[in-house]
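**Q** here are the coordinates; sequence isn't available:
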């Protein structure tokens, strides 16, 4: 099964030194590496933009952008955006708020039958209302 990797995982794995990671973060990084080796790690354009935003050094931006070019963006379709809007509306009716990109992630994974790999706890709340699957490392 394909896994859409969210910004916090990419950032932790690619923008931080391994020696600075906690044991739990080290396990997350290992799981991320395994997904890449297995060809199951997926990326969408809005996540690519988030990963590359806020970098202070141009050289760091260029290095990271070059690395990410090895990952093709999953093509987004009109139905992804419509599904994201419906999911947003469903959550808001239940008092659960989230960002536009978070709901786009939910829509993309739901329509494709993928999982989400993230440390963002908002997705746990979304999962109480939405039919999304979170990736659990084994």
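**A** Looks like it came in fine. Computed from a predicted model, the values in this text were never measured in an experiment.

**Q** domain parsing for the protein?
**A** The chain breaks down by automatic domain parsing into domains covering 3-68, 78-126.

**Q** What is the end-to-end distance of the shortest one?
**A** Separation of the first and last residues of domain 78-126 by CA to CA, to the nearest Å is 21 Å.

**Q** so of the domains of the chain, which one's packed in deepest?
**A** Of all the domains of the chain, domain 78-126 has the most neighbours on average by mean count of other CB atoms under 10 Å, namely a mean of 17. (Glycine included, C-beta is placed from N, CA and C.)

**Q** and residue 4, what helix or strand is that in?
**A** Assessed by DSSP states H and E, residue 4 sits inside strand 3-5.

**Q** ok, and the closest non-adjacent residue to residue 88?
**A** Of all residues not flanking residue 88 in the chain, residue 103 sits nearest, at 4.3 Å (CB to CB, 6 or more residues apart in numbering).

**Q** What ranges does the protein have for its helices?
**A** 7-15, 23-37, 45-52, 58-68, 78-93, 100-112, 122-126 (DSSP state H).

**Q** Let me have those in a markdown table, extended by mean pLDDT and distance to residue 1.
**A** Formatted as a markdown table, the helices of the chain follow (pLDDT from 0 to 100; distance: least, CB to CB, whole Å):
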| stretch | mean pLDDT | distance to residue 1 |
| --- | --- | --- |
| helix 7-15 | 92 | 16 |
| helix 23-37 | 95 | 10 |
| helix 45-52 | 97 | 18 |
| helix 58-68 | 95 | 22 |
| helix 78-93 | 98 | 18 |
| helix 100-112 | 98 | 10 |
| helix 122-126 | 97 | 16 |
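
**Q** Out of these, the one nearest residue 132 is which?
**A** helix 100-112 (5.2 Å; CB to CB).

**Q** one step back: could you dump the helices of the chain into TSV and include distance to residue 137?
**A** Below are those laid out as TSV (distance: least, CB to CB, whole Å):
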stretch	distance to residue 137
helix 7-15	11
helix 23-37	4
helix 45-52	19
helix 58-68	22
helix 78-93	25
helix 100-112	17
helix 122-126	15
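
**Q** If anything else comes up later, I'll come back, but that's it for now.
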